[in-house]
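Undergrad: sequence unknown, structure follows:
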C-alpha cells in the first residue's frame, strides 16, 4: 500500500520548510517537476522545440508554480504564453511573473487554436468553496482546443484536495502533476474523474510526510498478491479458512450463490452454507448447483473461522432470526464476522458494542445513511464518508463504505481509499461478490496474533482492490456479468502472481 494525504496534511508538512525560508526552493522544485512532465507530454505529441504551452494562471502559489514551469520550458524552445484569471498580470506571484517575462513569456487574452498544452494553474490545494473554471473561460470567450492536452498544476482548479468534491465545476484534465505526495482529492469522488493520470513530484518533504498522523492508504496489486495469493505448501482445507455463509432467501437465492462463488474463487478451504429449511431449501439447491463442494448445514459450523451474514436474507422474520443467531455465534466463539445488506438491519448498539475480534460492516451509501439514522442520528447531516469514519471509531467496528469510490475505516482511525477504476461494477450483485471475497480473506487470519488489526486493515483494503481488478478484467472482456465475475476473480489473482 502507498500513502496519500489530504491537501491540509501536505500544507502542514510544508510548514517547517516554509518557516525556514525555503518557500522559493519548494516552488522552483515543484515547477521544475511540472515542466518535466509537460515535456513528457510534448514528447508524446511528437515535438518539443517549436511547440506552444499556455498557462491559465491565478494569483496564488499555483500561479507562481505554473509561471516558473513555463519559464523552464522556454529554455527547451517552447513558446510560452499565459492568461491571468481572477487577477491582473501585475497581481500574480512576483517571482514567478518575473521569471516568466525574463524567459520571453507573453501575457495574452486569447487561446490560439494550435496550442499544444494548456496548464491549469488557477487554484490550488488551499482553495475552499465553489469555483467554476469552465464558466469563467466561457465568460471570457476562451475555448481550449479539443486537440490540446490539459495538465493541472497540483490539483484541477475547483477540486477540493481534502475530499475530491467539486462544489462548482472543474476541467477534466489529461494529467495532474501534484506536489509532495498523492492527494486524496485526486483519488476520491468527482476529483478522481477530473484528475486524469496522476504524476507525483518529490519536493523534499518526504521526512515530514512520514510523520503525518492518520494518512490515507491505497492498495496496490502487490497487496492483493500478499493477502490473496498462493497458499503455503503445507495447508489443508481447514487451515485455508472456513466460512459460514448466512445469506439468501426464497426471494433472493442468487445472493447466496454469488457469495459462495466469490469465496470459492478467492480460495476458501471450506464453505458452509447455513440454510435451515424451510427458508433455506431453495437457497441450498441453487448454491449446490453452482458450488457443489459447499456443505449445507442448519447452523454455523463449529469449524468456522469467519461468518458472512446478510446478502439476500430479506426482511422476513426467518431471515432476521438467522442473522441474529449467527451474530450470537460470532460473539460466543470469538469469530470475525462480516455483515452486509439485510444483515445490517439486525444490528443494534448492544451488538455493535459486543466483543468481536473483528466486526466488518459493508454498507453502500444508502445503507450507511439508514444505519446512521437508526444508531447515530446526530451524524445524519454529515457526508456518508464522515458518517462511516465516525461510526467505525465510535462503535469499534470495521466499515467498508461502498460507492463509486470505496472507503475502508477502522476502529482506531485506520482509513484507506479505493478509486473507481470501472463504473461496470455499479451492478446489482457485485456487493455480494465483494462480501464473498472479503469473507474468504478474513477466514485465513488468526485473531490471536499481535498485528491482527493491521492484518484486517490490509486485507480489507486489498480485497476491495481485488474486487475492482476482477471488475476491470470483466469490463475489458465485454462488460460485467455478475454471475461470471468469479471467473475474473481467478484471472485477477493470476495477474497479481505473474
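TA: Cool, got the structure. Worth saying up front: this structure is predicted, and the values here are computed from it rather than measured.
Undergrad: tell me the domain ranges of the protein?
TA: 2-218, 221-497 (automatic domain parsing).
Undergrad: hmm, residue 359 is touching residue 339, no?
TA: Yes: Residue 359 lies in contact with residue 339 (CB atoms under 8 Å); the separation is 7.1 Å. In short, each C-beta sits where N, CA and C put it, glycine included.
Undergrad: which of these two has more residues huddled nearby?
TA: A direct count of neighbours by other CB atoms under 10 Å for residue 359 and residue 339 places residue 339 higher, at 29 against 25.
Undergrad: quick check on that one: phi, psi?
TA: The phi and psi values for residue 339, taken as degrees, to the nearest 10, are phi -120, psi 130.
Undergrad: show me where pLDDT drops low in this structure?
TA: Residues of the chain that meet the criterion pLDDT under 70 lie in 278-279.
Undergrad: how about the strands in the stretch 301-450 of the chain?
TA: Under the criterion DSSP state E, counting those that start in this stretch, the stretch 301-450 of the chain carries strands at the ranges 306-309, 337-339, 359-361, 398-401, 406-409, 415-418.
Undergrad: could I get the ones you listed as JSON lines with distance to residue 64?
TA: Shown next, in JSON lines, are the strands of the stretch 301-450 of the chain (distance: least, CB to CB, whole Å):
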{"stretch": "strand 306-309", "distance to residue 64": "53"}
{"stretch": "strand 337-339", "distance to residue 64": "49"}
{"stretch": "strand 359-361", "distance to residue 64": "45"}
{"stretch": "strand 398-401", "distance to residue 64": "37"}
{"stretch": "strand 406-409", "distance to residue 64": "34"}
{"stretch": "strand 415-418", "distance to residue 64": "29"}
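Undergrad: out of those, nearest to residue 18?
TA: strand 415-418 (26.8 Å; CB to CB).
Undergrad: gap between that closest one and the chain center?
TA: Distance of strand 415-418 from the chain centroid (CA atoms, centre = their mean, to the nearest Å) equals 5 Å.
Undergrad: give the buried residues for that strand.
TA: Neighbour counts over strand 415-418 (16 or more other CB atoms under 10 Å) mark 415, 416, 417, 418 as buried.
Undergrad: mind checking which of the strands of the stretch 301-450 of the chain is nearest residue 143?
TA: Of these, nearest to residue 143 by CB to CB is strand 415-418, at 34.1 Å.
Undergrad: what about residue 461, distance to residue 217?
TA: Relative to residue 217, residue 461 is positioned 6 Å away (CB to CB, to the nearest Å).
Undergrad: just the helices in the stretch 101-250 of the chain please.
TA: 133-139, 189-195, 206-210, 221-228 (DSSP state H, counting those that start in this stretch).
Undergrad: pretty sure residue 128 sits against residue 160.
TA: Yes: if you go by CB under 8 Å, residue 128 and residue 160 touch, sitting 7.0 Å apart.
Undergrad: settle it for me: which of those two has more neighbours?
TA: Neighbours per residue (other CB under 10 Å) separate residue 128 from residue 160, with residue 160 holding more: 25 against 12.
Undergrad: helices of the stretch 301-450 of the chain, start to end?
TA: Going by DSSP H, counting those that start in this stretch, the stretch 301-450 of the chain shows helices at 317-333, 349-352, 365-375, 384-395, 430-442.
Undergrad: as JSON lines, those with distance to residue 457 would be great.
TA: Output for those, formatted as JSON lines (distance: least, CB to CB, whole Å):
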{"stretch": "helix 317-333", "distance to residue 457": "19"}
{"stretch": "helix 349-352", "distance to residue 457": "19"}
{"stretch": "helix 365-375", "distance to residue 457": "19"}
{"stretch": "helix 384-395", "distance to residue 457": "11"}
{"stretch": "helix 430-442", "distance to residue 457": "12"}
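Undergrad: nearest to residue 449, of the ones you listed?
TA: helix 430-442 (13.2 Å).
Undergrad: what angle do that closest one and helix 221-228 make?
TA: Here the directions of helix 430-442 and helix 221-228 differ by 60 degrees (axes from the mean of the first three to the mean of the last three CA atoms, to 10 degrees).
Undergrad: run through the neighbouring helices and strands of helix 430-442.
TA: Contacts defined by 3 or more CB pairs under 8 Å, 6 or more residues apart in numbering; DSSP states H and E place helix 430-442 against helix 221-228, strand 242-246, helix 253-266, strand 306-309, strand 337-339, helix 452-476, helix 485-497.
Undergrad: tell me the centre residue of this protein?
TA: The centroid of the chain falls nearest to residue 418 when counting by CA atoms, centre = their mean (1.7 Å).
Undergrad: and that residue, what does it touch?
TA: Going by CB atoms under 8 Å, 6 or more residues apart in numbering, residue 418 touches 218, 219, 405, 406, 407, 408, 461, 464, 465, 468.
Undergrad: check the gap between it and residue 148 for me.
TA: 31 Å.
Undergrad: ok so, going back, please produce JSON lines containing the helices of the stretch 301-450 of the chain, extended by distance to residue 121 and mean neighbour count.
TA: Output for the helices of the stretch 301-450 of the chain, formatted as JSON lines (distance: least, CB to CB, whole Å; neighbours: other CB atoms under 10 Å):
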{"stretch": "helix 317-333", "distance to residue 121": "53", "mean neighbour count": "19"}
{"stretch": "helix 349-352", "distance to residue 121": "47", "mean neighbour count": "14"}
{"stretch": "helix 365-375", "distance to residue 121": "34", "mean neighbour count": "16"}
{"stretch": "helix 384-395", "distance to residue 121": "28", "mean neighbour count": "20"}
{"stretch": "helix 430-442", "distance to residue 121": "39", "mean neighbour count": "29"}
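Undergrad: of these, which is nearest residue 64?
TA: helix 384-395 (31.9 Å).
Undergrad: contacts for that closest one?
TA: Residues contacting helix 384-395 (CB under 8 Å, 6+ apart): 163, 349, 352-353, 363, 365, 368-369, 371-372, 375-376, 379-380, 382, 397-399, 401, 403, 407, 409-413, 415.
Undergrad: joint contacts of residue 461 and residue 217?
TA: With CB under 8 Å, 6+ apart, residue 461 and residue 217 have common neighbours 1, 416.
Undergrad: count the residues that sit near residue 482.
TA: When neighbours are counted by other CB under 10 Å, residue 482 comes out with 21.
Undergrad: surely residue 297 meets residue 270?
TA: No: between residue 297 and residue 270 there is no contact under CB under 8 Å: 11.0 Å.
Undergrad: the more surrounded of the two?
TA: residue 270 (21 against 18).
Undergrad: can you show me the strands along the stretch 51-200 of the chain?
TA: 52-57, 79-84, 106-107, 117-121, 149-153, 175-179, 197-201.
Undergrad: partners of the fourth one, with directions?
TA: In the sheet containing strand 117-121, the strands it pairs with under DSSP bridges are strand 52-57 (parallel), strand 149-153 (parallel).
Undergrad: now do that strand against strand 175-179, angle only.
TA: Going by the same axes, to 10 degrees, strand 117-121 makes 40 degrees with strand 175-179.
Undergrad: now strand 117-121 and strand 79-84, what's the angle there?
TA: If you take the same axes, to 10 degrees, strand 117-121 sits at 40 degrees to strand 79-84.
Undergrad: and for strand 117-121, what are the contacting residues?
TA: With CB under 8 Å, 6+ apart, strand 117-121 has contacts from 34, 38, 41-42, 45, 51-58, 62-63, 65-67, 69-70, 111, 133, 144, 148-153, 156-157, 171, 173.
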